[in-house]
Structure formats: structure tokens, C-alpha cells
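Trainee: Here is a sequence together with a model predicted from it:
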Amino acid sequence: MIQIINLKKRPVGMPTLADFELKKEDDNLKTADGEILLNTKYLSVDPYLRGRMSDAKSYVPSFEVGKPITSGIVAEVIDSKNEHFKKGDFVSGMLEWKTKQISKGEGLQKVDADKVPLSAYLGIVGMTGLTAFLGLHEIGKPKEGETLVVSGAAGAVGSVVGQIGKILGLHVIGIAGTDEKVELLTSEFGFDHGINYKTTKDMKSAIQKAAPNGVDIYFDNVGGPISDAVLFSINKFARMVICGAISVYNSTELPTGLSVQPFLVRNSALMQGFIVSNYADKFPEAMKQLSTWLSEGKLTYRETIVEGFENTPQAFLDMMKGNKKGKMVVKA
């Protein structure tokens, strides 16, 4: 039997298991010319998927109700009638939440299980690493000796951003939601300082204390009050890299916060949002650099691996609530 996970209904506020549907179908898949048959090995669950569950306009189409959800997946080729792939190859790309599926191979790239663990192609040397590297490099434009603040710092992207910052000679401050995660930032990922936003009563003062010379780059994964507090510490010509806003993804009312314009004007500061595909032409160069740093031991990564394809919706919910360290993936 083939297992499939569909979007059953559009979530209102925080998603629940009732928004997903696990279906089973007979396994009668056969490849035609140019096609490959794939067996899912690992699935990625990411914050941006929440946006695609709504029907609001976005940079990618919304998921269709009653249809499979898609995300980054690593799969094994178990049958091929495509000259570019052979049985036994491993591939990575955007695929449907199915245990087995047919593909024409478009948008898929081969990955080498001997270089790094397969799950890493969904994280440190995949979209996660590319997002961290390219967002920081292309928008943050880091210079040695500057101060970098990262929100969602113990997460998949944030933990890589901070490490790259240290490689490039920055003073790095991370913001996370538990003491354990804050300890992880400094002990394992090399951050200079960590702040637990859940136990800190005055984030504005905490950031000013951790960054006495001000903030030159802010890599924003969360939005909301945390990002408001950072604004009071930005330096002249600061760059704010807007990667995500998980703090408001489940809001049912229009979020309110500080007006950013006065902070940007008086500091001649830049605030720019991005999606990683904006820099698709730079993927090969970025992947090469990430792989080099990983092999040299300059980068490390954490994964939270959930066993069982059927547990993918729960893994997504746990990720949205911050119940993980590093990259959340599901082992099918």
C-alpha cells in the first residue's frame, strides 16, 4: 500500500491534526518512458508550509484542499525508464507527501549518500543551508568585526546563520525560546551570546546589553515583538534580512507592532525580505562552500528526526511550536 498525506482543510490559527488526512492506495505504480519510480526516504517540514496551507496570495501557489502536500524530499529511485537516473540513485527535490510516487525527474538532483547523511540534503547542504548562506551573504553583506543578531537561532536556518557569522569574524548573538537551546547556541554552534526570549522580561535592554556596539545585521526568522526590540539597537547602515515571521503565521487577526520607518530612516538602514529561490543561480557556489566548511569541521548541525511517514503532520505541528532542535525531518 502507498501512504499519502493530503491537506484535508485549511487551518484557522495554529494547525491541528484534523487539518491533515492520511490515505492509503493500492501500490500499482508502473513507470512509462522518461519516468522514474521513487521511494521516499526523508521528508522536510518547514515553517513556510503554513503559508501554503492558506489561500492568501503568496510567492508560491497555495496547497489544494484534498490534494497531497509537497515539500523537500529525499527519495530512492527504485525503477527507471529515464536516461538521467538509474535504479539505486538517491535524489532530492520538491515532491508530494507520498511513500511512493512517479516522477519525470524534473527539478530533481542526484545526491551522494557517501558524502553526508541523506537527511542533510534537506538541511545543512540543502535548502536550509542555502537560505542561511545566501540570505546572510547577499543581503546581510557581513564585514569582519560587525555584530549579527539571529532570531529563531536554535532552528534549522538560524543555527547555520550564526555559525557562518562566526566563520566570517562576526560577533554573534542568538535569540531562542529555552535555556537548553540558549546553551546549545554557545556550546555547540559557537555563538558569543544567547538570549531566552521567554524568560527575558525586557528584550530591548537584553539586546542592548548583549550588543553594546549596536547591531549591524539582523537575520529575522520570527518577526513580532522580538524583531521590534532589535530595532532599538540597529546601527547606521544596518541590514535586516527578513527570512521568516513564524510568530505571526498562525495569527487570525492583523498583527500590530512598531512602525519600522523611523528606525530605517534615521539609521539609513536596509530591511529586505527574500526567498532562497531568488538566488538560484548561486546555488552551486553556495553548496560548494557549505560542503567545504562541513568537511573542514567549521560547520555542525543538529537534526530532530521523527520516525514514520504517518507522523509527518505531528512533526510539522511540533516544528511550528518550536519542539525541536535544528532541522526537523521525518524518516519515512
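Mentor: Good, I have the coordinates.

Trainee: Would you mark the buried spots in the helix or strand harbouring Asn235?
Mentor: For Asn235, the element it lies in under DSSP states H and E is strand 234-242. Residues 234-235, 238-242 are the ones in strand 234-242 that count as buried (16 or more other CB atoms under 10 Å). Bear in mind the C-beta positions are built from the backbone N, C-alpha and C, glycine included.

Trainee: One more: stretch 216-226?
Mentor: Neighbour-count burial for stretch 216-226 [16+ other CB under 10 Å]: 216-224, 226.

Trainee: Just the C-alphas of stretch 2-9, formatted as PDB.
Mentor: Extracted C-alpha coordinates of stretch 2-9, given in PDB (Å, rounded to 0.1, in the frame of the first residue of the first chain):
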ATOM      1  CA  ILE A   2       1.000   3.600  -0.700                       C
ATOM      2  CA  GLN A   3       0.500   6.100   2.100                       C
ATOM      3  CA  ILE A   4      -0.500   9.700   1.100                       C
ATOM      4  CA  ILE A   5      -1.000  12.800   3.300                       C
ATOM      5  CA  ASN A   6      -3.400  15.400   1.900                       C
ATOM      6  CA  LEU A   7      -4.400  18.800   3.200                       C
ATOM      7  CA  LYS A   8      -7.900  18.000   4.500                       C
ATOM      8  CA  LYS A   9      -8.900  21.600   5.200                       C
END
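
Trainee: Quick one: residues in contact with it.
Mentor: 18-27, 29, 53, 63-69, 96-101, 309-310, 312-313 (CB atoms under 8 Å, 6 or more residues apart in numbering).

Trainee: since we're on Glu296, how many residues are nearby?
Mentor: Neighbour count of Glu296, defined by other CB atoms under 10 Å: 9.

Trainee: Backbone torsions only: list them for it.
Mentor: phi -80, psi 0 (degrees, to the nearest 10).

Trainee: mind checking pLDDT for it?
Mentor: Per-residue confidence for Glu296 comes out at a pLDDT of 93.

Trainee: Gly13 too?
Mentor: What the model reports as pLDDT for Gly13 is 88.

Trainee: so it, which of the three states?
Mentor: Secondary structure, DSSP: H, G, I helix; E, B strand; the rest coil: Gly13 is coil.
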